[in-house]
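Engineer: pasting the sequence and the predicted model now:
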Amino acid sequence: MEAPAERPAFSRLPSLPSWLLAQTALHAGRLVADGFAAEGARGYHYRLLATLAEAGPSSQAELGRRSGIHLSDVVAALNELSADGYVQRTPDPSDKRRNVVVLTDAGRARLEVLEARVTAVQEDILAPLDAAERGQLVALLTRLLGHHAG
């Protein structure tokens, strides 16, 4: 009786969903970062502008919670966005000790540019999939993330 042929370790990796997810995430993350960099932006900029567009004026702490960005990174990114005129910090009318961050008209326009870029990147990432497969992929990833994120 012949012993089963051993597969090299690397040939096993592509059959592991965790490896496939990690590799896909690496490529997708690079494409997204490169897309934002082409616009002179970073992912944090997009996340904060999008959060402000959806949630309205917010404290820095609220922005961090809603966008999933650590507060120190929120402050640094908001400093950059503020310097470019995309957001404005104003005193909170209900608590003068803290600031509220407001999206400016320039920030809304900037978000539109970044939305177009991220949409183009999504098309690139998902190019091999048809519309039904894309929907199925998003549904499955959402389900997995919900299960593991709690």
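Structural biologist: Sure, I can see it. In this text the structure is predicted, and so the values were computed from the model without any measurement.
Engineer: output the worst-scoring helix or strand of the chain on mean pLDDT as CSV, restricted to C-alpha atoms.
Structural biologist: When each helix and strand of the chain is scored by mean pLDDT, DSSP states H and E, helix 9-12 comes last, with a mean of 74. Taking C-alpha atoms only, helix 9-12 is exported to CSV below (Å, rounded to 0.1, in the frame of the first residue of the first chain):
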residue,chain,number,x,y,z
ALA,A,9,2.4,23.4,3.2
PHE,A,10,1.8,26.2,0.8
SER,A,11,-0.6,24.3,-1.4
ARG,A,12,-2.8,23.8,1.7
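Engineer: what residues does the helix or strand just after that helix touch?
Structural biologist: Past helix 9-12, further along toward the C-terminus, the next helix or strand under DSSP states H and E is helix 17-38. By Cβ atoms under 8 Å, 6 or more residues apart in numbering, the surrounding residues in contact with helix 17-38 are 13-14, 42-43, 45-46, 114, 117-118, 120-121, 124-125. Where you see a C-beta, it was placed from the backbone N, CA and C, and this is true even at glycine.
Engineer: same thing but 10 Å
Structural biologist: Residues external to helix 17-38 that are found in contact with it (Cβ atoms under 10 Å, 6 or more residues apart in numbering): 12-14, 16, 41-46, 114, 116-122, 124-126, 137, 141, 144.
Engineer: so among the residues you listed, which ones count as buried?
Structural biologist: Those of the contacts of helix 17-38 that meet the buried threshold are 41, 42, 43, 44, 45, 46, 114, 117, 118, 121, by 16 or more other Cβ atoms under 10 Å.
Engineer: so which of those are in strands?
Structural biologist: Taking DSSP state E as the definition of strands, the buried ones among the contacts of helix 17-38 contribute nothing to them.
Engineer: can you tell me which of the contacts of helix 17-38 are in helices?
Structural biologist: The helices, defined by DSSP state H, take in 12, 43-46, 114, 116-122, 124-125, 137, 141, 144 from the contacts of helix 17-38.
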